[in-house]
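**Q** need a structure here:
(one chain, ligands or ions: 2)
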Amino acid sequence: MDHFSYKNGELYAEDVALRAIAEKVGTPFYCYSSATLERHYKVFSGAFDGVNSLVCYALKANSNLAVIRTLAELGSGADVVSEGELRRALEAGIPAEKIVFSGVGKTPSEMRYALEVGIHQFNVESEPEVRMLSEVAQSMGKTAPITFRVNPDVDAKTHAKISTGKAENKFGVPWQDVSRIYREAAALPGIEIVGVDVHIGSQLTDLEPYKNAFNRVRELVQQLRAEGHDISRVDLGGGLGIPYDADIPPEPAAYATVALEAIGNLGCQVIFEPGRLIVGNAGVLVSEVIYVKQATERKFVILDAAMNDLIRPAMYDGYHQIDPLREDQKKADYAPADVVGPVCESGDTFARQRDMPYLEDGDLVAFRSAGAYGAVMASTYNTRPLVPEVLVKGDQYAVIRARPSLDEILKLDIMPSWQQS
Ligand SMILES: Cc1ncc(COP(=O)(O)O)c(C=O)c1O
Ligand SMILES: N[C@@H](CCCC[NH3+])C(=O)O
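**A** Ligands and ions are numbered 1, 2, ... in the order given. Prediction:
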């Protein structure tokens, strides 16, 4: 069931009309549905019922505290990639023992903080990193539980910018060096090896790359055990795609079958790091049409949202369905148009020559599937205030991040002494 649907001729988020939020909060804004967040989390975690598993929601997809809290209340763990995300996870109520720390560039001070709070594990991505982690842990009289993220050199068949499991990508330790790297790490005083980690990319719509990677990991676990390592956890990462356009990604249940066929009977705790799957379709970006410009070659629908608010179309040619809030407009005369924002870049284009319904100045539209990698990737480019976020639950809604004022933005800059009058 879609929690963003038309009722009484208007697009609603659960039981709240998006137009009513727009009137109070102004546009553009992100709006998330608690019911969708809950449903997605439950469908994913439910696919592993009865399995020794831990779902660590990947905060990078959407790290608003209220969103994390919604998932924390359902029992979610967290996958974090910075001290900032780690603090968010803890603040939102996710216990440290359900938090895994990923990323190729963890700094010594981030390591120290994570060791202090006692996270579940570090997913280490290189030899210099494991040596540094050992030193930091030893200096604190602790040992760091680690997996190595291994690079299985498989093609995830997704956009090049979000593919992470090929040998040419910066992620993970090279497959041919894994055995030596585990052996050397096992000898480090501040390190306790607990498992193996893999994450091959994002927005995967095909199970084949997963099958290949997970089967390679299965063999690796058996080999590492034969070499004397105590492997009790396998972290399979995230990456399962969502429907944006015509692609129909596999259901979590089918993904679970592939994962458990490969890893299920190894006697390990199986960890997952889904991001987009949980939050992607739980959010929309609502924007107002500022002008409709008829140029010689084409029609431009100019919105008040721009690439700084939602960068996926500019950065990955990402597709987002754009629907008018008024249902009668959704049914009205379609004609090709470019949908663009006000930022001074040609790349500030959300859709090119897309069949759009008839729209006029002042009309409101919603970008679908904007809950993941939307607000978190927003910037203030062109001195546009960071876009606010709203969370709906039933017939209630709350602003969960406010739009900063221009005064607040200007105050962030500091004039050097020689310029102060
Ligand atoms: C290590 C790691 N885990 C989890 C994720 C979450 O990915 P997704 O949002 O595609 O599920 C990512 C991002 O691709 C990642 O880099
Ligand atoms: N930001 C990307 C996904 C990146 C995944 C990061 N691990 C997107 O919007 O598709």
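**Q** got the residues of the stretch 51-200 of the chain near ligand 2?
**A** 60, 162 (CB under 6 Å from any ligand atom). For every residue, glycine as well, the C-beta is placed using N, CA and C.
**Q** strands of the stretch 51-200 of the chain, start to end?
**A** 53-58, 77-80, 99-101, 121-124, 144-151, 173-174, 191-197 (DSSP state E, counting those that start in this stretch).
**Q** ok, now how distant is the closest residue to ligand 1 within the stretch 251-400 of the chain from Gly374?
**A** Nearest residue of the stretch 251-400 of the chain to ligand 1, counting by CB to the nearest ligand atom: Gly275, 2.6 Å away. According to CB to CB, to the nearest Å, Gly275 and Gly374 sit 12 Å apart.
**Q** repeat that for Lys170.
**A** In terms of CB to CB, Lys170 sits 24 Å off from Gly374.
**Q** before we move on, what about Asp363?
**A** 21 Å.
**Q** more crowded one of those two?
**A** Comparing Asp363 with Gly374 by neighbour count (other CB atoms under 10 Å), the higher total belongs to Gly374, at 27 against 18.
**Q** and for Glu73, nearest residue in space, chain neighbours not counted?
**A** Closest residue in space to Glu73, ignoring its immediate chain neighbours: Gly93 at 7.3 Å, by CB to CB, 6 or more residues apart in numbering.
**Q** cool, Gly264 as well?
**A** According to CB to CB, 6+ apart, the nearest residue to Gly264 is Val51 (7.0 Å).
**Q** how many residues are close by that neighbour?
**A** Considering only other CB under 10 Å, Val51 is surrounded by 15 other residues.
**Q** what do you get for Arg326?
**A** 19.
**Q** make 32 the first number, not 1, from now on.
**A** Done: numbering now begins at 32, and the last item shifts to Arg357.
**Q** kindly state the beta-bridge partners for it.
**A** Beta-bridge partners recorded for Arg357 (DSSP bridges): Glu41.
**Q** residues contacting it?
**A** 40-42, 394-395 (CB atoms under 8 Å, 6 or more residues apart in numbering).
**Q** tell me which other helices or strands the longest strand along the chain touches.
**A** Counting by DSSP state E, the longest strand found in the chain is strand 314-325. In this structure, strand 314-325 makes packing contacts with helix 49-56, strand 60-64, strand 330-334, strand 395-398, judged by 3 or more CB pairs under 8 Å, 6 or more residues apart in numbering; DSSP states H and E.
**Q** would you turn the contacts of Arg357 into a markdown table with pLDDT and distance to Asp228?
**A** Output for the contacts of Arg357, formatted as a markdown table (pLDDT from 0 to 100; distance: CB to CB, whole Å):
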| residue | pLDDT | distance to Asp228 |
| --- | --- | --- |
| Gly40 | 97 | 49 |
| Glu41 | 98 | 45 |
| Leu42 | 98 | 40 |
| Asp394 | 98 | 47 |
| Leu395 | 98 | 43 |
